[in-house]
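1. Sequence and predicted structure are below.
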Amino acid sequence: MADPLLIIEDEIFLGREMRRYFEKEGWEVHWVERIADAEQILKEGLNPLVTLADLNLPDGNSLDLLEKTRERGGGGEWIFLTAYGSVPDSVRALRLGAYDFLEKPCEMERLDMVLRSAARGARAQRRVADDTSHRSQRYHPNSFLGDSPAALRVREILGRLGQVPYSALIISGETGTGKGLAARILHYSGQRSDGPLIELNCAALPRELLESELFGYEPGAFTGASSRHRGLVEQAHGGSLFLDEISEMDLDLQAKLLKVIEDKSLRRLGADRVQQVDVRFLAASNRDLDAMVAAGRFRADLYHRLSVVRLELPPLRERKQDLRILVPHFIAEFNAQAGKRVRYVSPAVWEALEHYDWPGNVRELRNVVERGVLFSEGEELPLEWLQLPGRGATSCPAPGSCPVEDDRQIILPIDGSMDLDSMERLILQRVLQRTDHNVTQAARVLGVTRETLRYRIRKYALMEDGDA
């Protein structure tokens, strides 16, 4: 189905040319010559993905229509064309969230490129809006499961934060404790739930990409920047930006982020205009940020600016009584996904679960329960498929039937006794051991970047002792 495009243009020749061009490009084009006509078809229910409007029209300024549309909760991206632009108009357009402000004459190929980029942003906005209602029900303080004193305390703090405004917050805790879940609860149960939640793992991108993803860029800002890109900070306008693993951000990029937070404005790479942004910043790290600040590896000013509120999530080993709530919850989830019917957890399984320290915390527990449910053959969660250290079935059917490993090769079973995550974790462990935990050497052996390897080290709760 074609996406709707609204064109507001009083020049007959140009309007016809744009309608003909964009209909050939697959758009459902609605062309009007006056603001009053555009307002009428919007009231009748047209919801354009992108609006392409001349700024100055016979019956007024189309920025007034954009402002009215925003006040009514209308979405979509707006691109303005004008031969008589002014600085106040361009500033107002950006303040109202216009995607771009182009001068006439503008070549159709150039206009098409900008329009396609705007359409991608508009589709993302609509996906966010469609998900907001569902996620507001899914992410509630009660979604942080457990009846231990530690879990109850976290839920109490999450509930209180949902009722008050705050500009920034730091979530700390070991890997797998639920920092991403806490961030979603804070957004969808709080005062910005109608706005977007944008998430970024700062360890997943190299420094250059991280900067352009955060702050956006203009065409020609660097090699390969052929069109405008709205950065994640800008996309989070009116909502929240969740920066996971913020400890991995370079110091100079931390300084730029601090300026954005302090000034509530940003300048895209290659841009000559500053844009106002209204964003709540949620940051998370599994590292000790106090120690990093003391060591000069994290900016003290950014740390203090972000730590308006601090939320510490407890490790699972300190709230093992919550296993009795978490395990049945995960069993029900994976029963529904896999069509299984596990209903019973034996005393032996409970003993194994409760005697394990869970270095990967709730994430590791979830993976263990998923494996048990997937390989279950009846109504009981099978002990042999939990594969906790020191327990579970061997992957070889009989002694001596498996090949012998050495430090140059790893033997992995393909009989279903080990899932893909477990295989990857084992490979990473062996390579890190062989390289004395030198991340640079290990990344070279594995053929990946250091940033990618660091991310996987954190994902599987492996120790990173050597070269960083």
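-> Received it, and whenever you're ready, just let me know what you need.

2. now the strands for the chain?
-> Assignment of strands within the chain using DSSP state E yields the ranges 4-8, 28-32, 50-54, 56-57, 60-61, 77-82, 100-103, 168-172, 197-201, 240-244, 265-266, 275-276, 280-285, 310-312.

3. I'd like to know which of those strands lies nearest to residue 19.
-> strand 28-32 (4.7 Å; CB to CB). C-beta coordinates here come from the backbone N, C-alpha and C atoms, glycine included.

4. so how far is the first residue of stretch 228-238 from its last?
-> Across stretch 228-238, the terminal residues are separated by 21 Å (CA to CA, to the nearest Å).

5. excluding its backbone neighbours, what's nearest residue 180?
-> Residue nearest to residue 180 in three dimensions, not counting chain neighbours: residue 244, with 6.5 Å by CB to CB, 6 or more residues apart in numbering.

6. ok so, going back, lowest-confidence stretch among the strands of the chain?
-> When those are ranked by mean pLDDT, strand 100-103 comes last with a mean of 83.

7. helices or strands up against it?
-> With contacts defined as 3 or more CB pairs under 8 Å, 6 or more residues apart in numbering; DSSP states H and E, strand 100-103 has these neighbours: strand 77-82, helix 87-95, helix 108-138.

8. number of nearby residues for the residue nearest to residue 180?
-> When counting by other CB atoms under 10 Å, one arrives at 22 neighbours for residue 244.

9. how close does it sit to residue 160?
-> Between residue 244 and residue 160 the distance is 23 Å, computed by CB to CB, to the nearest Å.

10. now do residue 294
-> When CB to CB is the yardstick, residue 294 and residue 160 sit 30 Å from each other.

11. quick one: buried residues of the lowest-mean-pLDDT helix or strand in the chain?
-> Among the helices and strands of the chain, helix 87-95 carries the lowest confidence by mean pLDDT, DSSP states H and E, at a mean of 75. By neighbour count, and taking 16 or more other CB atoms under 10 Å as the criterion, the buried residues in helix 87-95 are 89, 90, 92, 93, 94.

12. ditto for stretch 241-259
-> For stretch 241-259, the neighbour count (16+ other CB under 10 Å) marks 241-249, 253-254, 256-258 as buried.

13. Residues contacting stretch 341-348, please?
-> Stretch 341-348 is contacted from outside by 327-328, 331, 334-335, 372-373, 376, 378-381, 383, using CB atoms under 8 Å, 6 or more residues apart in numbering.

14. measure that stretch end to end?
-> Here stretch 341-348 reaches across 19 Å from its first residue to its last, counting by CA to CA.

15. pLDDT on it, on average?
-> Averaging pLDDT residue by residue across stretch 341-348 gives 92.

16. quick one on the thing from earlier: among the contacts of stretch 341-348, which ones are in helices?
-> Helix and strand membership here follows DSSP state H; of these, those in helices are 327, 328, 331, 334, 335, 372, 373.

17. Pipe these into CSV and attach pLDDT, neighbour count and distance to residue 70 per row.
-> What follows is the ones in helices among the contacts of stretch 341-348, written out as CSV (pLDDT from 0 to 100; neighbours: other CB atoms under 10 Å; distance: CB to CB, whole Å):
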residue, pLDDT, neighbour count, distance to residue 70
327, 96, 20, 47
328, 94, 16, 46
331, 94, 22, 46
334, 91, 19, 43
335, 90, 15, 45
372, 92, 25, 50
373, 92, 23, 47
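
18. which of those residues lies closest to residue 213?
-> Nearest to residue 213 among these, with distances taken as CB to CB, is residue 334, at 33.2 Å.

19. measure that closest one to residue 121 for me?
-> Taken as CB to CB, the spacing of residue 334 relative to residue 121 amounts to 36 Å.

20. and if you look at residue 53?
-> Using CB to CB, we find residue 53 at a distance of 17 Å from residue 121.

21. Residue 291 now?
-> In this structure, residue 291 and residue 121 are separated by 39 Å, where distance is defined by CB to CB.

22. okay, these two: which has more neighbours?
-> residue 121 (19 against 10).

23. quick one, what contacts the residue nearest to the spatial centre of the chain?
-> For the chain, the residue lying nearest the average C-alpha position, counting by CA atoms, centre = their mean, turns out to be residue 199 (2.3 Å). Contact criterion CB under 8 Å, 6+ apart gives 180, 183, 242, 244 as the residues in contact with residue 199.

24. I figured the last one hits residue 281, correct?
-> No. At 12.0 Å, residue 244 does not count as touching residue 281 under the criterion of CB atoms under 8 Å.

25. How about the residue nearest to the centre of the chain: which residues does it bridge to?
-> Per DSSP bridges, residues listed as beta-bridge partners of residue 199: residue 242.

26. can you list the weak-confidence ranges in the stretch 251-400 of the chain?
-> For the stretch 251-400 of the chain, applying pLDDT under 70 flags the ranges 390-400.

27. Could you rerun that using 50?
-> 392-400 (pLDDT under 50).

28. Do you have the helices of it handy? List them.
-> 251-263, 289-294, 300-306, 323-338, 347-354, 361-374 (DSSP state H, counting those that start in this stretch).

29. Check which helices and strands the longest one sits against.
-> Read it as helix 323-338. Packed against helix 323-338 by the contact rule (3+ CB pairs under 8 Å, 6+ apart) you find helix 347-354, helix 361-374.

30. Now render those as CSV, adding distance to residue 46.
-> CSV is the format used below for these (distance: least, CB to CB, whole Å):
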stretch, distance to residue 46
helix 347-354, 56
helix 361-374, 44
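
31. wait, which of those helices is closest to residue 26?
-> helix 361-374 (41.4 Å).

32. Output the contacting helices and strands for that closest one.
-> Using 3+ CB pairs under 8 Å, 6+ apart, the elements in contact with helix 361-374 are helix 323-338.

33. what's in contact with the helix it packs on?
-> The set of residues external to helix 323-338 that reach it, using CB under 8 Å, 6+ apart, is 145-147, 316, 340-343, 345, 350, 353-354, 362, 365-366, 369-370, 373-374, 381.

34. among the residues you listed, which ones are buried?
-> 145-146, 316, 340, 342, 345, 353, 362, 365-366, 369-370, 373, 381.

35. now these as JSON lines including distance to residue 436?
-> Rendered in JSON lines, the data for the buried ones among the contacts of helix 323-338 read as follows (distance: CB to CB, whole Å):
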{"residue": "145", "distance to residue 436": "39"}
{"residue": "146", "distance to residue 436": "39"}
{"residue": "316", "distance to residue 436": "30"}
{"residue": "340", "distance to residue 436": "43"}
{"residue": "342", "distance to residue 436": "42"}
{"residue": "345", "distance to residue 436": "41"}
{"residue": "353", "distance to residue 436": "33"}
{"residue": "362", "distance to residue 436": "31"}
{"residue": "365", "distance to residue 436": "31"}
{"residue": "366", "distance to residue 436": "32"}
{"residue": "369", "distance to residue 436": "34"}
{"residue": "370", "distance to residue 436": "33"}
{"residue": "373", "distance to residue 436": "38"}
{"residue": "381", "distance to residue 436": "39"}
